[in-house]
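J.: For reference, the sequence and a predicted model appear below.
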Amino acid sequence: MDSIVVERVKASGAIILGKTNTPEFGLSGTTENKLGEPCRNPWNTERTPGGSSGGAASALAAGLCTISTGSDGGGSIRIPASFSGLFGIKPTQGRVPRYGGYGRPAANHFSQSGPITRTVADSALLLQVIAGPDSRDVTSIRTPAPDFSVGLESGVKGMKFAWTSDYGYAAVDPEVLQVTERAAQIFAGLGATVDDGNLNIEDPFPSFWDIFATASYTSYQHMIDDNRAELTDYGVVSMNHGGSVTGSDLSRAIYHVDQLGRYMEEFFDDFDLLLSPTMAVPAFPIDERPRSIGGRQVDPFWGFVPFTYPINMSGQTAASIPCGYSSDGMPIGLHIVGPRGSESRVLQAAAAFERALPLGDQRPMVN
C-alpha cells in the first residue's frame, strides 16, 4: 500500500525512483543502521548527511534525483537539509496527511512529511502536490491547502523577523553562530526588520524525549524485545528510555507540549518569522556524534539538534535554507520558523533569501 504522500506524487505524474537510506526506526539524526554501509554526505563522504531522511538528502545532493520527500518528527527533514546544502520544509502539523506512512501513532502529532529540494520553488511545487485534507487522516487540516507558489516573488519588505542564537538554552558552535547571524541580517538588507527575539524557553527535550521514546517503544516492542542485541546504539537508548517512562511522566510531557505550543503562537503575535541556526554544528564525521559544543557538554544523540525538535512539539511551520559554509567547506543552514499555517510566508521569505544568496546553485564535487 502506498502512503498518501506517494499516492499523490504518483497521481501528479512524477516517477518514484525508490526508497533511500534511513536510520533504524527513524530514531536518529544521523543515518546508520546494521543493514549496510552508513549513509554518506556528498560534500564529504567521511561526514554524515544527517537524518533521519539522510538518504533522501544525500541522493538529492549527489544529483541522483531532482526532488525528495522526507518525514520530520524531530528535525528529520531540516537536519539533512542543513547538513547537505539543501532546502527542506516541515509543514504545519496536519498540513500533509499521514495515513499509510511510516510513523508511531502515539507521536503522530510531532511528525510531518514534506519536501527536500535544491530550490524553494521546487519545494513549493512538491508541497502543493502532497498537502491537503484526506478523510483517512482525522488529524489533517480540513481546509484546502493554499497555492504555495503565490507570493514567492513578493519579497520581505515590511516583515518583522526575530533572531535567536540559542532559544535560551542551546549550545552552538561559534562558527555556525557567526555564519547564521550574518545570514539573518540579509533580511534587513531586503527591507525587513531583524530584532532580537529575546526567546528564552525552558529546554523541552526531557518532555520531547519521554513522548518520542515511549511512542517508539510501544510501536515496536513486539519486534525488539527478543532481539535487543541486534539494535543499534541509538535504538537501545531509545527503547530503554521508552520502556521506563511512567504515566505521570507522560502526562507532564504532554502538558509541556501544550504550554510550548501556546507560548510559540503568542510569540508570533509580535513577529512574522523567527530565525536561528538550523543545527548547532556542521556535519560531523560518521559515528563521531559531538559530546561537547561551544565548550558545553551535550547529549551525543540529541545535543546537536536543539533547534528542530521544539518546533515539532509546538506544531509550527519551519524550514532550513543554505546560508553559508564552515571553514572546512560543509554547508550550514538557517532555520526559518513561522506560526501555524504559515507555509506560504516561510516560503516567501526563503525565496527572497535564496535570490539574495543563491547557494542552492552550489553542488558538491561528487567522484
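T.: Okay, I see it. On a predicted model such as this, the values are computed, not experimentally measured, just so you know.

J.: after the helix or strand bottoming out on mean pLDDT in the chain, next one along is what?
T.: Lowest on mean pLDDT, DSSP states H and E among the helices and strands of the chain sits helix 205-224, with a mean of 89. Of the helices and strands lying after helix 205-224 in sequence (DSSP states H and E), the nearest is helix 233-244.

J.: contacts for the helix or strand that that following helix is followed by?
T.: Counting by DSSP H and E, the next helix or strand C-terminal to helix 233-244 is helix 247-267. For helix 247-267, contacts defined as Cβ atoms under 8 Å, 6 or more residues apart in numbering pick out 162, 197, 199, 201, 204, 206-208, 210-211, 214, 274, 310-311, 313-316, 339-340. Placement of C-beta: from N, CA and C, glycine included.

J.: picking up where we left off before, same for the least confident helix or strand of the chain, what does it pack against?
T.: Counting contacts by 3 or more Cβ pairs under 8 Å, 6 or more residues apart in numbering; DSSP states H and E, helix 205-224 packs against helix 233-244, helix 247-267, helix 309-314.

J.: how far off helix 247-267 does it point, in degrees?
T.: If you take axes from the mean of the first three to the mean of the last three Cα atoms, to 10 degrees, helix 205-224 sits at 130 degrees to helix 247-267.

J.: separation between residue 331 and residue 80?
T.: Distance from residue 331 to residue 80, counting by Cβ to Cβ, to the nearest Å: 10 Å.

J.: same deal with residue 308?
T.: Distance of residue 308 to residue 80, given as Cβ to Cβ: 11 Å.

J.: Have a look at those two and say which one is more surrounded.
T.: residue 80 (37 against 28; other Cβ atoms under 10 Å).

J.: and the helix or strand in which that one is found, what does it pack onto?
T.: According to DSSP H and E, residue 80 maps onto helix 78-84. Contacts defined by 3+ Cβ pairs under 8 Å, 6+ apart place helix 78-84 against helix 54-61, strand 87-90, strand 317-325, strand 331-338.

J.: Strand partners (parallel or antiparallel) of the third one?
T.: Strand 317-325 has these partner strands in its sheet, going by DSSP bridges: strand 87-90 (antiparallel), strand 331-338 (antiparallel).

J.: got the CA coordinates for stretch 74-87 in PDB?
T.: Provided in PDB are the C-alpha atoms of stretch 74-87 (Å, rounded to 0.1, in the frame of the first residue of the first chain):
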ATOM      1  CA  GLY A  74      12.200  15.800  15.500                       C
ATOM      2  CA  GLY A  75      14.000  17.500  12.600                       C
ATOM      3  CA  SER A  76      14.400  14.700  10.100                       C
ATOM      4  CA  ILE A  77      13.800  17.000   7.000                       C
ATOM      5  CA  ARG A  78      15.600  20.100   8.300                       C
ATOM      6  CA  ILE A  79      18.700  18.200   9.800                       C
ATOM      7  CA  PRO A  80      19.800  16.600   6.500                       C
ATOM      8  CA  ALA A  81      18.800  19.700   4.500                       C
ATOM      9  CA  SER A  82      21.200  21.800   6.700                       C
ATOM     10  CA  PHE A  83      24.000  19.200   6.600                       C
ATOM     11  CA  SER A  84      23.700  18.600   2.800                       C
ATOM     12  CA  GLY A  85      23.200  22.200   1.500                       C
ATOM     13  CA  LEU A  86      19.600  21.800   0.600                       C
ATOM     14  CA  PHE A  87      16.200  23.400   1.200                       C
END
